[in-house]
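Peer 1: Here is my input; please provide its structure:
(one chain, ligands or ions: 1)
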Amino acid sequence: MPEGTRIHERHARLKDALVGVVGSRNLIAEAQALEPHLRDWRGRYVGRTPFMVRPGSTAEVAEVVRLCAEARVPMVPQGGNTGLVAGAIPFEAGEEVVVNLGRLNRIRDLDAANFTVTVEAGCILQDIQAAAAEADRLFPLSLGAEGTCQIGGNLATNAGGVQVLRYGNARELVLGLEVVLPDGQVWDGLRGLRKDNTGYDLKQLFIGAEGTLGIITAAVLELFARPRETVTAFVAVPSPEAAVELLGRTRSGTGEAVTSFELIPRIGLEMAVRHVEGCSDPLAEPSPWYVLIELYGGREDGSLGAALETVLARAFEDALVPDAALAQNAQQAADFWRLREGIVEGQLYEGGSIKNDVSVAVSRVPAFIATASAEVERLCPGIRPVAFGHVGDGNVHFNLSQPESAERDDFLARWDEIAHAVHDVTARMGGSISAEHGLGRMKVQEAERLKSPVELAMMRAVKRCFDPRNLMNPGKLVDPGS
Ligand SMILES: Cc1cc2nc3c(=O)[nH]c(=O)nc-3n(C[C@H](O)[C@H](O)[C@H](O)COP(=O)(O)OP(=O)(O)OC[C@H]3O[C@@H](n4cnc5c(N)ncnc54)[C@H](O)[C@@H]3O)c2cc1C
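Peer 2: Alright, predicted model coming up:
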């Protein structure tokens, strides 16, 4: 198709060709059906598209991409659309075709002896966890959106979640990938190998690339032994410094059995208790900070619980832990987690909230929280920092609730200004402005502001190498420049 042809004409001509590939039922152009696919999870952005296609196989994805590339029409890969940086939706101009991976949802193979599972990109994360459990294996990636997000989206955003401390990010859980490149070629890298030193580790380029280098269609994921004992504790600590000290002691004292170590501030607990059904304070006395600790062990003899009790008893003697509750059953453990997960929901009822998902070295978490809190208070007196999250990974969800007296919209209008200040503190501490969710559309400019010229040049070179026409999720993650 000639390059100069207007985009709307190209869309019109492309449409028939795409129907020929996916069938008319899988080309969605009707506004109501499209609506949830055009709005980001937080509702900050609503995009437009001429249509969304739902290919049902790798071959169909490849043909869809080839046709779009030939027509010079940009594409947005979309999984469960639970991403938090508006990476999976098109821009308002309405140029991109949405390529939704939901129909690629087969588990192709589970090799229990190799501790691997081969899945298609559209598999829901929870379904993969269930398939692993059925084979007496564990797929440890776990996050709040697991009932909706898809493994393709998890890999494209290098998702983290609550067990990174023990098992790593999504990046560490992948042995092989199948990818449709921006010109429609298929790369079959579905190898279940733990050792492969035959050159560049190409799969890692696509993990965390947020769909800007190609569309992931399948993956070989690593499985682990299923834990035989789970110990969950809700522990009061006087400060983030104490939390970090306790983390070190717990890791050492339990033989690296810590899978989750989540920091919770009193203000976050109160918001959850106030607004979220089923949330209650497990401890008798209030504490300024808490940690939710979870351990996985391979034995069923109670030894892990005993090890944690020893760690906590010593911490109690050293005034590091004033109080703690160990879950006595699965329901109690679920109640502790409900509190942790209830923080975000509780914040919804407290007016506007400006979200930051950052990371620093674990040892710097206390200094980060203190410095960033002081900085946002200086900018916006009365602001209520709710700093919580995966402190075991140095990952702080530094979410800022509006001052009680402020107008919601006035507060939210200051999102960029306040987020910039938080990012500056993060950068000064050698941290990352996106610990988990990627850059998407929201943080492209911030990454450009804060990354070094050398790093940016390398990223742009990679993008231009794989996608010289900038057709694969343009405007997200990195601007390739001219
Ligand atoms: C309640 C809640 C809790 C969350 N908790 C966490 C958490 O603890 N840790 C965490 O890391 N994230 C978390 N997230 C963010 C989100 O769930 C993750 O980023 C998730 O991995 C996105 O998966 P998805 O299928 O929804 O992807 P989408 O939102 O559809 O897409 C995300 C990005 O990946 C690209 N993409 C999607 N599929 C493909 C594919 N097959 N090939 C190439 N590119 C693709 C999209 O273009 C987009 O750029 C949370 C979100 C919510 C709503």
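Peer 1: Can you pull the residues of the protein lying near the ligand?
Peer 2: The chain comes close to the ligand at residues 41, 76-84, 87-88, 101, 121, 143-145, 149-150, 152-154, 156-157, 159-161, 210-211, 215-216, 436-437, 440, 473, 476, as judged by Cβ under 6 Å from any ligand atom. All C-beta spots, glycine's among them, are computed from the backbone N, C-alpha and C.
Peer 1: Spit out the contact partners of the closest residue to the ligand within the stretch 351-482 of the chain.
Peer 2: Proximity of the stretch 351-482 of the chain to the ligand (Cβ to the nearest ligand atom) peaks at residue 436, 3.5 Å away. Counting by Cβ atoms under 8 Å, 6 or more residues apart in numbering, residue 436 touches 157, 159, 160, 161, 357, 395.
Peer 1: what are the phi and psi values for residue 332?
Peer 2: phi -60, psi -40 (degrees, to the nearest 10).
Peer 1: Relative to the ligand, how far out is it?
Peer 2: 22 Å (Cβ to the nearest ligand atom, to the nearest Å).
Peer 1: my guess is that residue meets residue 232, correct?
Peer 2: Yes - between residue 332 and residue 232 there is a contact under Cβ atoms under 8 Å: 7.5 Å.
Peer 1: If you count surrounding residues, which of the two has more?
Peer 2: residue 232 (24 against 15; other Cβ atoms under 10 Å).
Peer 1: that's a strand at the more buried one, yeah?
Peer 2: Yes - Residue 232: assigned to a strand according to DSSP: H, G, I helix; E, B strand; the rest coil.
Peer 1: so residue 241 is in which element?
Peer 2: helix 240-253 (DSSP states H and E).
Peer 1: What are the buried residues along stretch 160-171?
Peer 2: For stretch 160-171, the neighbour count (16 or more other Cβ atoms under 10 Å) marks 160, 161, 162, 163, 164, 165, 166, 167, 168, 169, 170 as buried.
Peer 1: so what's residue 251 closest to, chain neighbours aside?
Peer 2: Sequence neighbours aside, residue 258 is the residue nearest to residue 251 in space, at 5.4 Å (criterion: Cβ to Cβ, 6 or more residues apart in numbering).
Peer 1: Pretty sure the one you found sits against residue 391.
Peer 2: No - counting by Cβ under 8 Å, residue 258 does not reach residue 391; the two are 11.2 Å apart.
Peer 1: Counting neighbours around each, name which of these two comes out higher.
Peer 2: residue 391 (27 against 22).
Peer 1: Contacts only, for that one.
Peer 2: Contacts of residue 391 by Cβ under 8 Å, 6+ apart are 240, 243, 244, 247, 261, 262, 263, 291, 362, 365.
Peer 1: Grab the most central residue of this protein for me.
Peer 2: In the chain, the residue lying closest to the centroid (Cα atoms, centre = their mean) is residue 159, at 3.8 Å.
Peer 1: A strand includes that residue, no?
Peer 2: No - Residue 159 sits outside any strand when classified using three-state DSSP, being coil.
Peer 1: Now it: closest residue in space, sequence neighbours ignored.
Peer 2: Counting by Cβ to Cβ, 6+ apart, residue 159 lies nearest to residue 170, which is 4.7 Å off, once chain neighbours are set aside.
Peer 1: Quick check, that neighbour in contact with residue 207.
Peer 2: Yes - with contact defined as Cβ under 8 Å, residue 170 reaches residue 207; the gap is 6.5 Å.
Peer 1: Mutual contacts of those two, please.
Peer 2: By Cβ under 8 Å, 6+ apart, the residues touching both residue 170 and residue 207 are 155, 158.
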